[in-house]
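Participant: build me a model:
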Amino acid sequence: MKYCALLFRLVTIQIQSLTQLPKNTPKAPKLAEIVCLHNSAFEATQLAEDILNISLMMQFMSTVMFWCLTMFYASTNINISLCNVLILFFLSLVETYGYSYLGQQITDEAAAVESAIYDLPWYDESVELQNSYRMILRRSQHEVGITAAKFFIVGLEQFGKISQMSYSYYLVLKDSLASL
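Facilitator: Predicted coordinates:
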């Protein structure tokens, strides 16, 4: 996941370096290299998506259940084994946050490519170069990221939603067991 984010970062840096080329230097070879690298970044992200999407969905689903049950256990059992459960809870929290953080990095770096290409004066270039710019612009308009079984893009916003969902399920479980 980090590799994909770094590839998008490299594309952004190379796009920004286009403005620093001397006036008489042809941009077409450099732009062709950038388009190829941008394509490689998309392919690497798609490969990571194919590898990780099912496992990330299982990770997030099990995290919701585990956090909910951990909160319920912590509210009903205060003993020495609670320390072990809280350690597992903390490790699960760190692991899920790590996936979310790396997913957010991919999404942010892919969006930075779009911003960098829009900042260029591409409209002053030849039609041939404008087509290359347009190709990058078109690809950049779609949100890029690693999904959890195509349900949602993994990121920090989803991490927050998972945390809220776990707490909500805990409250429902606690209220339903209290009414018994």
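Participant: what's the local residue count around residue 136?
Facilitator: Neighbour count of residue 136, defined by other CB atoms under 10 Å: 22. For the C-beta atoms, the positions are set from N, CA and C on the backbone; glycine is no exception.
Participant: and it, what helix or strand is that in?
Facilitator: Using DSSP states H and E, residue 136 sits in helix 127-140.
Participant: does that helix pack against any helices or strands, and if so which?
Facilitator: Packing partners of helix 127-140 (3 or more CB pairs under 8 Å, 6 or more residues apart in numbering; DSSP states H and E): helix 28-76, helix 81-119.
Participant: determine which of those helices approaches residue 140 most closely.
Facilitator: Nearest to residue 140 among the helices and strands packed on helix 127-140 is helix 81-119; the distance by CB to CB comes to 3.6 Å.
Participant: gap between that closest one and the chain center?
Facilitator: Relative to the centre of its chain, helix 81-119 is centred 7 Å away, using CA atoms, centre = their mean, to the nearest Å.
Participant: give the buried residues for that helix.
Facilitator: Within helix 81-119, the residues that qualify as buried are 85, 89, 92-93, 96, 99-100, 102-114, 116-117, counting by 16 or more other CB atoms under 10 Å.
Participant: now for it, which elements pack on it?
Facilitator: Using 3+ CB pairs under 8 Å, 6+ apart: helix 81-119 touches helix 2-17, helix 28-76, helix 127-140, helix 156-178.
Participant: now the first one, how far from the centre of its chain.
Facilitator: Taking CA atoms, centre = their mean, one finds the center of helix 2-17 at 15 Å from the center of the full chain.
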